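Chemist: Structure here, sequence nowhere to be found:
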């Protein structure tokens, strides 16, 4: 009787050991949070090996701090990143004189966790810059296409307007005070080319 009871206990222990061993062999499948998006120009042509910076907050994007990841697109213009957090990342992408400054700078929604997230293409546009030179003896307000870019440019000083889309732009110049000698007011057309600086001296 004792032997039968002992055998039963041993059988139960052996069965428990087998079950524990089986459960230990079961692997939990890990699915990373991934991002895939194509980077292209306005004509739909891809940007191969464009440099990409990812940020988690708008402040980090604006100040270029706490970069989460720096990478590049592949030969076909695709950005593929894995092991990300489920957030709506900000990004800055550049390729020579093209970047995303004038199009979009944030994913449209937070990444879905543990899956491959695919978004519409990110478009890069060509940009240059404008150097406005105040050669007058008076301070001026400088407007670009109707938007104030410098509210007070002192006499003899310069201001550089960055990330200006390529093409023709209107620079409006307004003096800030009345003077005995009538200062220069006016509008100047500036033609911006990709990656170049357009000088706009006045008067």
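Modeler: Here it is on my side, so go on. The model shown is predicted, which means the values in this text are computed figures rather than measured ones.
Chemist: So, low pLDDT: which residues of this protein?
Modeler: Applying pLDDT under 70 to the chain picks out residues 1-28, 178-183.
Chemist: Check which helices and strands whichever helix or strand residue 126 is part of sits against.
Modeler: Element membership of residue 126 [criterion: DSSP states H and E] is strand 125-134. Applying 3 or more CB pairs under 8 Å, 6 or more residues apart in numbering; DSSP states H and E, one finds that strand 125-134 makes contact with strand 98-99, strand 140-144, strand 147-153, strand 158-165, strand 167-175, strand 186-192, strand 197-202. Glycine gets a C-beta too; all of them are placed from N, C-alpha and C.
Chemist: Partner strands of the third one, with direction?
Modeler: Strand 147-153 sits in its sheet next to strand 140-144 (antiparallel), going by DSSP bridges.
Chemist: what angle separates the partner strand from strand 197-202?
Modeler: Counting by axes from the mean of the first three to the mean of the last three CA atoms, to 10 degrees, strand 140-144 lies at 140 degrees to strand 197-202.
Chemist: How far does strand 140-144 sit from its chain's centre?
Modeler: For strand 140-144, the gap between its own C-alpha mean and the chain's C-alpha mean amounts to 28 Å (CA atoms, centre = their mean, to the nearest Å).
Chemist: now do stretch 50-65
Modeler: 6 Å.
Chemist: Could you do stretch 72-86 as well?
Modeler: That offset, for stretch 72-86, works out to 13 Å (CA atoms, centre = their mean).
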